[in-house]
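Participant: Build me a model from this:
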Amino acid sequence: MTTISRKRAICMLYHQDYDKDKANELLNAVEKLDLEICYKDDPCKTFLLYTNSIKADPVSQAQLIIFLDIAFLPVNPNNEEAYACKNLSMNDILTVVWKYSDIFIDKTAYGFGIWCHPRKLFLTESQTKRKYNDLQQKVSIRLLYALEDEYVGKTYSSRS
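Facilitator: Residues are numbered from 1 along each chain as shown. Okay, the predicted model is just below:
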């Protein structure tokens, strides 16, 4: 699947050549109208959606699986602009999930990991290694290619 930044998407929506300044101008204009740029199946086919519609429509588990399979890859996607190679724990990944969904608000990283494995998420295909964290506790980490924040989008949370 193609990964497109919000700035590129807004230029595509308005049939403009990509220009950083123009993209910022267009994004500011739609944000003032309380709109957000979205897509359903194809990131190249974008549309504008009222922000309250996004906040009112909770993320389903199926949508979360798709998000995780795009955001955390076990193999190099050969797209250095969009992905960075990182050592991540399940807690690191769960922290990202909490920004976009309340589904696992009461779960621990262990419980989240238990949920991920039977769903065969791409991120579970990477090997785990045990390392010490900053608190000198042993944690399992995975070498994953994580989607850069600018490609993930804005945070919509009922907790904010």
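
Participant: Now the phi/psi pair for the residue in the chain sticking out farthest from the centre, please.
Facilitator: Distance from the centre of the chain peaks at Gln136, with 28.8 Å (C-alpha atoms, centre = their mean). Backbone torsions for Gln136, taken as degrees, to the nearest 10, come to phi 60, psi 30.

Participant: which residues touch the residue lying closest to Tyr132 once chain neighbours are set aside?
Facilitator: Of all residues not flanking Tyr132 in the chain, Lys138 sits nearest, at 6.0 Å (C-beta to C-beta, 6 or more residues apart in numbering). Glycine gets a C-beta too; all of them are placed from N, C-alpha and C. Lys138 makes contact with 130-132, according to C-beta atoms under 8 Å, 6 or more residues apart in numbering.

Participant: where does the chain have low pLDDT?
Facilitator: 1-2, 54-58, 153-160 (pLDDT under 70).

Participant: So in it, which helix runs the longest?
Facilitator: Secondary structure of the chain per DSSP state H: the longest helix is helix 20-32.

Participant: could you pull out the helices for this protein?
Facilitator: 6-13, 20-32, 51-56, 61-71, 90-100, 109-116, 149-152.

Participant: nearest to Lys40, of these?
Facilitator: Closest approach to Lys40 among the helices of the chain (C-beta to C-beta): helix 61-71, 10.8 Å.

Participant: What is the distance between the closest one and the centre of its chain?
Facilitator: Chain-centre distance of helix 61-71: 8 Å, with C-alpha atoms, centre = their mean, to the nearest Å.
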